[in-house]
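Asker: could you look at this predicted model? Sequence included:
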Amino acid sequence: MNKTIVVLGSIMALAIAAPLLTAQADSDDHNRGIWRGIWQVAKSSAVTDPLTQQECSECHIAYPPRLLSAEAWKGVMGNLSNHFGEDASLDANTRQQIETYLVGNASRSSAPGKLRISEQSWFIHEHQDEVSPRKFAQAKTWSNCQSCHKDAAKGLFDDDD
């Protein structure tokens with residue numbers, strides 16, 4: 001019984017500490033467990049800001065803020081006229097409100113200088129052995145989350161087909 005309590009306590013402590021530890025994490029293999037922790041938190045984090053939901057989902061799902069760091073979200077929001085090859089410009093007030101929400105709810109870590117979610121170490125680790133060439137051909141792009149995750153727009157990514 002005491003061992004069970006110790007194990008459960010350790011698991012709970014790790015679940016609480018994982019986001020804090022990610023500030024020191026990088027893409028090395030020894031940090032894969034930490035990235036797994038980020039994914040577990042992010043995979044069930046729906047976008048709760050109506051303005052962010054409305055504006056971002058006009059072209060793609062509104063990605064949960066915890067999928068990128070504050071630095072990365074600032075980079076994404078700072079160049080909306082060239083948003084991955086598209087013009088996603090917003091008026092200054094709308095842009096600022098969305099950026100405030102994303103930055104305020106961001107992950108504590110992501111790959112430095114990488115603004116694409118699909119270039120993050122945890123994303124690569126999570127998808128590299130699970131997505132067949134056939135599945136990827138159907139999705140056409142890594143940003144088409146709902147191709148495999150039916151409830152991606154709700155912030156749920158653990159419902160793989």
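Answerer: Yep, it's here.
Asker: measure residue 45 to residue 102 for me?
Answerer: To residue 102, residue 45 is 12 Å away according to Cβ to Cβ, to the nearest Å. (Glycine included, C-beta is placed from N, CA and C.)
Asker: what residues are shared contacts of the two?
Answerer: residue 65 (Cβ atoms under 8 Å, 6 or more residues apart in numbering).
Asker: out of these two, which sits in the busier spot?
Answerer: Each of residue 45 and residue 102 has its neighbours counted (other Cβ atoms under 10 Å); residue 102 has more, 26 against 17.
Asker: give me the contact list for the helix or strand where the more buried one lies.
Answerer: In this structure, residue 102 sits in helix 92-104 according to DSSP states H and E. Outside helix 92-104, the residues that touch it by Cβ under 8 Å, 6+ apart are 49, 51-52, 55-56, 65, 68, 70, 73-74, 76-77, 80, 90.
Asker: and stretch 50-70, average pLDDT?
Answerer: Stretch 50-70 comes out with an average pLDDT of 92.
Asker: buried stuff in it?
Answerer: Using 16 or more other Cβ atoms under 10 Å as the test for burial, stretch 50-70 gives 52-53, 55-56, 60-70.
Asker: give me the subset of those lying in helices.
Answerer: Members of those lying in helices (criterion: DSSP state H): 52, 53, 55, 56, 70.
Asker: noted, bye for now.
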